[in-house]
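**Q** Sharing a sequence plus its predicted fold:
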Amino acid sequence: MVRKLLLGSLGLVMLVCTVLTAAWMSLRAPATPTGRLLATSDAERYLLAAAREGETDIVEGLVKAGTPVEARDARGFSPLILAAYYGHTRTVQALLDAGADACAGDSRGNTALMGAAFKGYADVVKLLSAQPCAVDQTNRLGQTALMFAVLFGRTEVADHLRHQGASPALRDASGRSANDWARTQTPEVPVAPAAPHTSRSQGGDFPTAEVL
C-alpha cells in the first residue's frame with residue numbers, strides 16, 4: 001500500500017514538473033517578429049485586398065477590429081506597400097495613422113515610398129517622405145526611391161525627393177547613381193515591387209511592373 005502511494009506521488013510530481021517546464025519554455029520562446037506577419041487569416045487577406053483597392057473604410061474597420069496592420073502576403077507586400085503602389089492617398093494616410101511602418105520593405109527590400117515613386121504618385125510620396133525613414137533608404141540592390149523616380153521621368157516626385165535631401169550621387173550595387181539613371185533613361189526597371197514583365201507601349205517593348 002505504501003509502495004503504491006509512493007509511486008503515485010512520484011508520478012504526480014513528474015507530471016507537475018513536466019507542465020511547469022512546458023510553461024517555462026513557452027514563456028521563453030521568442031515572440032513572432034512584428035512587421036513580417038504572413039497573412040494567415042481571412043481578416044488579414046481582406047485587409048491586403050482592401051488596401052490594394054483603396055477601400056479605406058474597410059481598412060480602418062479591419063484594423064480597429066484587431067487585424068495586424070503589418071500583415072504580409074507571400075511576396076512580402078504589406079497593406080501600406082499595396083496602397084502606395086496603387087496611389088490610394090487616403091488609404092495610405094489611414095494605414096500610417098494606424099501605425100503602419102513606412103520604413104519596412106517587401107521581400108526585395110522595396111518600400112512603399114519606392115513603389116509610389118516608381119508609379120509617380122506625388123501626393124503619396126509626400127506623405128511617405130514625411131515619415132521617420134531615410135529618404136535614401138535602399139532596397140537589396142542598393143537602389144533608392146529617387147532612382148525609381150528619375151528612371152521613369154517622374155519629375156515632380158524626383159524634385160520633391162531631392163528637396164527632402166535625397167542624393168542624386170548615391171550609387172546602387174551596379175555602380176549607377178540617380179544621375180546615371182536619369183541620363184540613360186533606359187527602359188530597364190531597376191527592381192519593381194514585383195517581377196517585371198514586358199508590355200507594349202508607344203515607345204515599343206517596355207518592361208513594367210507586374211500587376212500586384
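**A** Okay, I see it.
**Q** hang on, G99 packs against V69?
**A** Yes. Contact criterion Cβ atoms under 8 Å: G99 and V69 qualify, at 5.7 Å. To be clear about C-beta, it is placed using only N, CA and C from the backbone, and glycine gets the same treatment.
**Q** Pick out whichever of the two has more residues nearby.
**A** When G99 and V69 are compared for neighbours, V69 comes out ahead with 24 against 10, by other Cβ atoms under 10 Å.
**Q** is it true that the more buried one touches D97?
**A** No. Contact status for V69 versus D97: not in contact, 9.8 Å apart, counting by Cβ under 8 Å.
**Q** in this structure, what secondary structure element scores lowest on mean pLDDT?
**A** In the chain, no helix or strand scores lower on mean pLDDT, DSSP states H and E than strand 204-209, which sits at a mean of 33.
**Q** could you pull out the strands for this protein?
**A** 37-38, 71-72, 196-201, 204-209 (DSSP state E).
**Q** Neighbours of A43, how many?
**A** Residues contacting A43 under the criterion other Cβ under 10 Å number 16.
**Q** same check, this time on K64
**A** K64 has 9 neighbours, counted by other Cβ under 10 Å.
**Q** from what I can see Q143 touches R171, true?
**A** No. Assessed by Cβ under 8 Å, Q143 is found out of contact with R171, at 9.8 Å.
**Q** Comparing these two, which shows the higher neighbour count?
**A** Set Q143 next to R171 and count neighbours by other Cβ under 10 Å: Q143 wins out with 26 against 16.
**Q** Local confidence estimate at the more buried one?
**A** Q143 carries a pLDDT value of 96.
**Q** and if you look at R183?
**A** Looking at R183, its pLDDT is 84.
**Q** N110 against N139, yeah?
**A** Yes. Under the criterion of Cβ under 8 Å, N110 is in contact with N139, at a separation of 4.9 Å.
**Q** Between its first and last residues, how far does stretch 84-95 reach?
**A** Across stretch 84-95, the straight-line distance between its terminal residues is 10 Å, by Cα to Cα, to the nearest Å.
**Q** I'd like the average pLDDT over that stretch.
**A** When the per-residue pLDDT values of stretch 84-95 are averaged, the result is 98.
**Q** can you pull the buried residues of that stretch?
**A** A84, Y85, Y86, G87, H88, T89, T91, V92, A94, L95 (16 or more other Cβ atoms under 10 Å).
**Q** do the same with stretch 171-186
**A** Residues of stretch 171-186 classed as buried under the neighbour-count rule (16+ other Cβ under 10 Å) are R171, D172, R176, S177, A178, N179, D180, W181, A182.
**Q** same thing with stretch 75-85?
**A** For stretch 75-85, using 16+ other Cβ under 10 Å, the buried residues are G76, F77, S78, P79, L80, I81, L82, A83, A84, Y85.
**Q** got the end-to-end distance for stretch 49-67?
**A** Stretch 49-67 has an end-to-end distance of 13 Å (Cα to Cα).
**Q** Could you do stretch 160-172 as well?
**A** Distance between the boundary residues of stretch 160-172 (Cα to Cα) amounts to 20 Å.
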